[in-house]
Structure formats: C-alpha cells, structure tokens
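> Pasted the sequence and its predicted model underneath.
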Amino acid sequence: MNKKRWIILIIALTVGLIIIYIIMSSTKTLKIGDKAPDFSLLNQHGQQVTLSEYRHDKNVVVFFYPKDETPGCTAEACKFRDEYEAFTDLGAEVIGISGDGTESHKKFAENHRLPYNLLSDNGGKVRKAYGIQNTFFLIPGRVTFVIDKEGIIRHIFNSQFNAEMHIPEALEVLKTL
C-alpha cells in the first residue's frame, strides 16, 4: 500500500473508534440501587403492560433477550417457564423483552407455553433506557434485572452465553427481598 492509502485507512479507523466511543458513552449504565426506568410496551396479546403498575404489589424480574426462537433465547425462556411458579411463589412477576414484534412474541409464547408477558421493544427504546449494550456490536444483549416493589433495581445479571443462569441468579435474589 502506498502512503496515501495508509493515511486514509488510519483516519477511517480513528473516526470509527470515535463514533463507537460516542455511542457507548451516550448509553446510561444502570446500577444496583438505581430506580428502574418505567416503560409501557405491548405484550404478545396486544395489551399495554407498564412496569409501574406492579409497584407496591410485586417484585418484577425483567429479562432482555436477543430474539424469539433462537437456541439460547428459547432455552432461557423455557427455563423461566419451568421455574415460573417459583417466581410467583416469591411474589414476583416475570417479563421478557426483545425487539421482536407482538406477532412473533405470540407465536413464541404459544410454541413454548410461556405463561408470562413478552413485550415488544421495537426500536430498542427501553433496551437503551436500561443501558444494555450489544454483544460484538451486533447481537442485542442478554441482561436480567430484579426490581423490588418500590421500583429499585436489586440485581443485574449480564451473560450473553450463559442464558439459563439468569433464572437461578434471579431466584436467589428474590429470596432475600
């Protein structure tokens, strides 16, 4: 390569890194003890579900997952299904959120007999409010939040590749609330 091409390549890489830095630094990172951002999204039945409706009544486990019917997401969703009674026995509600539409959620819930709400976050507004980053800049992150009855985040578990561990992590925290 000649000198001019090297300079152009270095400038392009620098600009790309600056853009990535700006995008990543503009996303708010939530911490344990923060108030959970409220949201209202449509579920798989086309009904509006609002996080604050659970306030003072139930703890809420909100799990963000990448995509309906993918292997890791199906394993995670089914594990939440299998342990759903344990969550409700602990006074908690489970909510799954992804960018898929309500029809996709409806099919996913029916295919796997999922007893909890799956919410459609088209455009990723709620995902962004919760500060969830993409994995490798491509795959929507997999993060679970345990939110107490007062709307305070009590636990955050972030693991893209250990999908089924989100469930025992959340259950252990709920036992302490």
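Looks like it came in fine. Residues are numbered from 1 along each chain as shown.

> quick one: the strands in the protein?
All strands of the chain, identified by DSSP state E, fall at 40-42, 48-50, 59-64, 92-98, 117-120, 143-147, 153-158.

> mean pLDDT for those strands: which is lowest?
Sorting the strands of the chain by mean pLDDT places strand 153-158 lowest, at a mean of 89.

> Now do that strand against strand 59-64, angle only.
Counting by axes from the mean of the first three to the mean of the last three CA atoms, to 10 degrees, strand 153-158 points 30 degrees away from the direction of strand 59-64.

> Sheet-wise, list the partners of strand 153-158 with their directions.
strand 143-147 (antiparallel) (DSSP bridges).

> could I have the partner strand exported to PDB, CA atoms only?
The C-alpha coordinates for strand 143-147 follow below in PDB (Å, rounded to 0.1, in the frame of the first residue of the first chain):
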ATOM      1  CA  VAL A 143     -29.500  -8.900  30.700                       C
ATOM      2  CA  THR A 144     -31.800  -9.700  33.700                       C
ATOM      3  CA  PHE A 145     -32.900  -7.100  36.200                       C
ATOM      4  CA  VAL A 146     -34.600  -7.900  39.600                       C
ATOM      5  CA  ILE A 147     -36.700  -4.900  40.600                       C
END
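
> Now tabulate the strands of the chain in JSON lines and tack on mean neighbour count.
The way it works is simple: take the backbone N, C-alpha and C, and place the C-beta from them, glycine included. Output for the strands of the chain, formatted as JSON lines (neighbours: other CB atoms under 10 Å):
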{"stretch": "strand 40-42", "mean neighbour count": "17"}
{"stretch": "strand 48-50", "mean neighbour count": "14"}
{"stretch": "strand 59-64", "mean neighbour count": "23"}
{"stretch": "strand 92-98", "mean neighbour count": "24"}
{"stretch": "strand 117-120", "mean neighbour count": "23"}
{"stretch": "strand 143-147", "mean neighbour count": "25"}
{"stretch": "strand 153-158", "mean neighbour count": "18"}
